[in-house]
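Enquirer: model this:
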Amino acid sequence: MAVALLASVFVVAACGLVYELCAASLSSYLLGDSVLQFSTVIGTYLFAMGVGSWLSRYFERQLPAHFLRIELMVALIGGALPALLFIANAYVPGAFRLLLYGMVLVVGTLVGLEIPLVMRILRRDVALKDLVSQVLTFDYLGALAVSIAFPLLLVPQLGMIRTGLLFGLMNAAVAAWALWIFRHELRRAGAHALACALVLLVLLAAFVGADRITTLAEDRFYQDRVVFSESSPYQRIVVTRGHGGHRLYLNGNLQFAERDEYRYHEALVHPVMAAHGAPRRVAVLGGGDGMAVREILRYPSVERVTLVELDPNMTRLFASHETLAALNGHSLSSPKLQVVNADAFTWLQQTEEVFDVIVVDFPDPTNFAIGKLYTSAFYALLEQRLAASGYAVIQTTSPLIARKSFWTVVSTIESVGLKATPYHAHVPSFGEWGFIVASRRPFRMPDALPAGLRFLTLEGLPPLFDFPRDMARVPTEVNRLSNQVLVTTYEQEWGR
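Expert: Numbering: from 1, shown residues only. Predicted coordinates for the structure are as follows:
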């Protein structure tokens, strides 16, 4: 019996950590600012576990029966946590935070009850000294196993909803095992057996129908029909299709809309490419959808393009999916392209290559993991990889809605000794959008553009570099790794 209960401790610890990671990851996906969300969710969860441990003192009799019931409640509530949060975000977004922290408190309290009860049950057969060391050892081993498997195996292979349900089934299996072990001690073994069977059936049915649950939530959230969705170790990738064509969302944030993405990507790429004259070696940081590469390949002088994209799922999807590959002109299959799936910050530290043009097309700085790619440390690395006559261009949020955030990036680029030349373009799906040219030499307007552009013209370029009063420069701090002021500013401005 002792061995079985210690094995249960391993499973209980693994399940508890999975529910904690699911809640923190989902709040990060849907609310942004991963550091804040992980910190508050984990803090709330640990507090709730402390409350559960304190409450365990009031369980005096029928400890196996209490343990069994608690396992079933954890299985049902914890296992359903990701699915319920997804649905709440789609149908009742105003209640998402309340449900999130409410479920974290409930699950944390129940998990906090588990280990003390197991220890008191084991105390019948194991000396206290050995009891504490064995229980804590299995507890920590379970946590270690899940912390490794969650980002590398569970979420990429099963998705968030199925991961939660799988571990709910594991909690229910522990309850069923406890029912068998303590069947002679339980007063109402039949009722407990029925409860175990019902919880297992509910969780199993939900596991089988997880795709329908995901589709139900995402179709409601994204409005348009979801044609592709996938969870990678780095983000949730969703592609929808509606009257305006395809849209790409990463962690719920729109990245492009087919009907007007040409405005964004032409504005991002052509001012620097055309101004350089004859760029031969070009790097694209981010931009795993291949749209920026499509525009770069319009220039016959280009000999090589290096695309640095963290998520291999993105480059694979936009290279192999027939419809999406057609959107980028099959640019990711070009013999001139080299794809590097790596963190851009680390890649810049390690590479010794120098480029005529560097296109920086990262998502907006919604969290500190992305925010580091907008810091002075990052731009100092960028400067080292830029040819003496080269240009870099950085997509930089909206100078109208997030005015202070935009000019913070300008100040940060200037802090490393580069000249910053800001400009903006109207993209209907995003509104007024900003870009910044970074270079050692002054930026000059190009005297020619490639044929076949749908948005940019030589006559239309100069107005893009003019900022009206409501988008004019304001004083800002430099965004450093040590402060990451940009993430906080961005959240404040877009949160309005």
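Enquirer: helices along the stretch 101-250 of the chain, start to end?
Expert: Using DSSP state H, counting those that start in this stretch, the helices of the stretch 101-250 of the chain run over residues 128-149, 155-181, 189-208, 210-222.
Enquirer: other SSEs contacting the last one?
Expert: When you say that, I think you mean helix 210-222. Packing contacts for helix 210-222, counted by 3 or more Cβ pairs under 8 Å, 6 or more residues apart in numbering; DSSP states H and E, involve helix 63-91, helix 155-181, strand 225-231, strand 236-242. Backbone N, C-alpha and C define where each C-beta goes, glycine included.
Enquirer: present the helices of the stretch 101-250 of the chain as JSON lines; the columns should include mean pLDDT, mean neighbour count and distance to residue 365.
Expert: Listed next are the helices of the stretch 101-250 of the chain as JSON lines, based on pLDDT from 0 to 100; neighbours: other Cβ atoms under 10 Å; distance: least, Cβ to Cβ, whole Å:
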{"stretch": "helix 128-149", "mean pLDDT": "76", "mean neighbour count": "15", "distance to residue 365": "26"}
{"stretch": "helix 155-181", "mean pLDDT": "88", "mean neighbour count": "22", "distance to residue 365": "23"}
{"stretch": "helix 189-208", "mean pLDDT": "92", "mean neighbour count": "16", "distance to residue 365": "36"}
{"stretch": "helix 210-222", "mean pLDDT": "76", "mean neighbour count": "17", "distance to residue 365": "23"}
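Enquirer: excluding chain neighbours, what is closest to residue 356?
Expert: What sits nearest to residue 356 in space, not counting adjacent residues and going by Cβ to Cβ, 6 or more residues apart in numbering, is residue 279, at 3.9 Å.
Enquirer: for the helices of the stretch 101-250 of the chain, which one sits closest to residue 22?
Expert: Evaluated over the helices of the stretch 101-250 of the chain, closeness to residue 22 peaks at helix 155-181, with 5.1 Å, by Cβ to Cβ.
Enquirer: what angle do that closest one and helix 63-91 make?
Expert: Inter-element angle recorded for helix 155-181 and helix 63-91: 150 degrees (by axes from the mean of the first three to the mean of the last three Cα atoms, to 10 degrees).
Enquirer: sec struct for residue 255, please.
Expert: What DSSP: H, G, I helix; E, B strand; the rest coil gives for residue 255 is strand.
Enquirer: can you pull out the strands in this protein?
Expert: Applying DSSP state E to the chain gives strands spanning 225-231, 236-242, 245-250, 253-257, 281-286, 304-308, 337-340, 355-361, 386-395, 419-427, 431-439.
Enquirer: take those and write them to CSV, including mean neighbour count, distance to residue 99 and mean pLDDT.
Expert: Formatted as CSV, the strands of the chain follow (neighbours: other Cβ atoms under 10 Å; distance: least, Cβ to Cβ, whole Å; pLDDT from 0 to 100):
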stretch, mean neighbour count, distance to residue 99, mean pLDDT
strand 225-231, 16, 21, 82
strand 236-242, 20, 19, 87
strand 245-250, 20, 22, 89
strand 253-257, 19, 21, 86
strand 281-286, 25, 33, 97
strand 304-308, 22, 38, 98
strand 337-340, 17, 40, 97
strand 355-361, 25, 35, 98
strand 386-395, 21, 34, 96
strand 419-427, 20, 34, 97
strand 431-439, 22, 31, 97
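Enquirer: can you add distance to residue 87 and give those back as JSON lines?
Expert: As requested, the strands of the chain are exported to JSON lines (distance: least, Cβ to Cβ, whole Å):
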{"stretch": "strand 225-231", "distance to residue 87": "15"}
{"stretch": "strand 236-242", "distance to residue 87": "15"}
{"stretch": "strand 245-250", "distance to residue 87": "17"}
{"stretch": "strand 253-257", "distance to residue 87": "20"}
{"stretch": "strand 281-286", "distance to residue 87": "31"}
{"stretch": "strand 304-308", "distance to residue 87": "36"}
{"stretch": "strand 337-340", "distance to residue 87": "36"}
{"stretch": "strand 355-361", "distance to residue 87": "33"}
{"stretch": "strand 386-395", "distance to residue 87": "33"}
{"stretch": "strand 419-427", "distance to residue 87": "31"}
{"stretch": "strand 431-439", "distance to residue 87": "30"}
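Enquirer: the ones you listed: which one's closest to residue 263?
Expert: strand 419-427 (4.8 Å).
Enquirer: helices or strands next to that closest one in the packing?
Expert: Using 3+ Cβ pairs under 8 Å, 6+ apart: strand 419-427 touches helix 261-276, helix 403-414, strand 431-439, helix 461-464.
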